Each structure stands twice: as structure tokens, then as C-alpha cells.
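Engineer: Curious how this folds, go ahead:
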Amino acid sequence: MKAQKFTLLIVDDSEDDRLFLEMAFRKLAIRYRIHAVKNGQEAVAYLKGEGEYKDRKKYQFPSYIITDLNMTPGDGFHLLEFIKNNPALSIIPLVMLSTSDDADDIRQAYLLGASCYFLKPQKPEQLKALIQKIHDHWSECEIPEVDEEGYAVRTDSKGRLGERFKKPKRR
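Structural biologist: Residues are numbered from 1 along each chain as shown. Below is the predicted model of the structure:
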């Protein structure tokens, strides 16, 4: 099933980068519901629906996440580890957008479950083009249906190829 809504969570400690990403997504033809947080700890609270993010009508579970790597407290790896340790949440695409071109950072991001890793472009027009590509890609992907808390909706895989796999459970 293709995404029915476009709720984006932007995780970046740079206010300028957050604002520029928000503006670039708002210029797309699709109406995005965009939420931005400053670090991995805030992103985890958002995903858990804790504190100010408790209201899932206001803070819908994201269709996908764009996150920076280098932030405190809670860097991009912290966010990836949280998602990896909660398999029922692992269906959410996570786009790493970082200035780090370190091979170890890139490898570790993928090992922790990043869907893709991009270097932050230096020029605004390059970033706009990248945002368009990211949107085009994730809006065309088939994704599992989730409930309003972001957990995969249980499916009946009896007699299907996926039947042999254990279904992730909520914590």
C-alpha cells in the first residue's frame, strides 16, 4: 500500500537546516504534515508518543524520518538503535542526511537500519533537488499499513510467503 498521508519528522540540531528542509518539503505539490525536533532524544520521545508528543492527532506517526547524524543529546545512531530495538517500529523509512562522509559512519548507519544515507549538499538548489528525489522515492514505495501509534497493523499471512516469519510485537 502506498503512503496515505505524508507526515515527516525532521531531526536536526541546526535550526537553519530544519527550516530549509521544511520549506523545501512545503513547496512540493503534496501537502506534508511536518514536525521537527532538535536531536535523537526528542525524536525517540516523538516516536514513543511521550510528553508533548502524546497527542497522535496533532503529532501523527511519521511516514518517514529525515535525520542528521551529529547531534546531542542523542545522535542519529541513538535514533536508529531505538528503532532497531523496537522491531514493530522498524518499518518506518529513515533517511540519514549528514555532513559526515566517514566510511565508518555510513556503514554503521546501514548496519543499524538506515534506509539510505545522503551527504548534505552545500548549495540550496542541490538540496532542493535531493528533497524532490527523496519525496518521489518514498511516495512511490509500497509500505505496510500502521496504526495511529506507528505500529504495523497485524496481517493474516496464512498461506502466504510471509507466514513463516514471526510478527514483531509491541513493547
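Engineer: SS state for Leu28?
Structural biologist: coil (DSSP: H, G, I helix; E, B strand; the rest coil).
Engineer: how near is it to Gly76?
Structural biologist: Distance, Leu28 to Gly76, using CB to CB, to the nearest Å: 24 Å. Where C-beta positions appear, they are placed from N, C-alpha and C, glycine not excepted.
Engineer: With neighbour numbers in mind, choose between those two.
Structural biologist: Gly76 (29 against 15; other CB atoms under 10 Å).
Engineer: and that one, backbone torsions?
Structural biologist: Main-chain dihedrals, Gly76, degrees, to the nearest 10: phi -60, psi -30.
Engineer: quick one: which helix or strand includes Ile34?
Structural biologist: strand 33-37 (DSSP states H and E).
Engineer: So what touches that strand?
Structural biologist: By CB atoms under 8 Å, 6 or more residues apart in numbering, the list of residues contacting strand 33-37 from outside reads 5-12, 18, 21-22, 25-26, 43, 46, 59-60, 62.
Engineer: Could you tell me which of these are located in helices?
Structural biologist: Arg18, Leu21, Glu22, Phe25, Arg26, Ala43, Tyr46 (DSSP state H).
Engineer: burial count for Glu148?
Structural biologist: Counted by other CB under 10 Å, the residues lying close to Glu148 total 10.
Engineer: Pull the most distant pair out of the ones in helices among the contacts of strand 33-37.
Structural biologist: Distance extremes for these: the farthest pair is Arg26 and Ala43 at 20.2 Å, using CB to CB.
Engineer: Nothing else from me, thank you.
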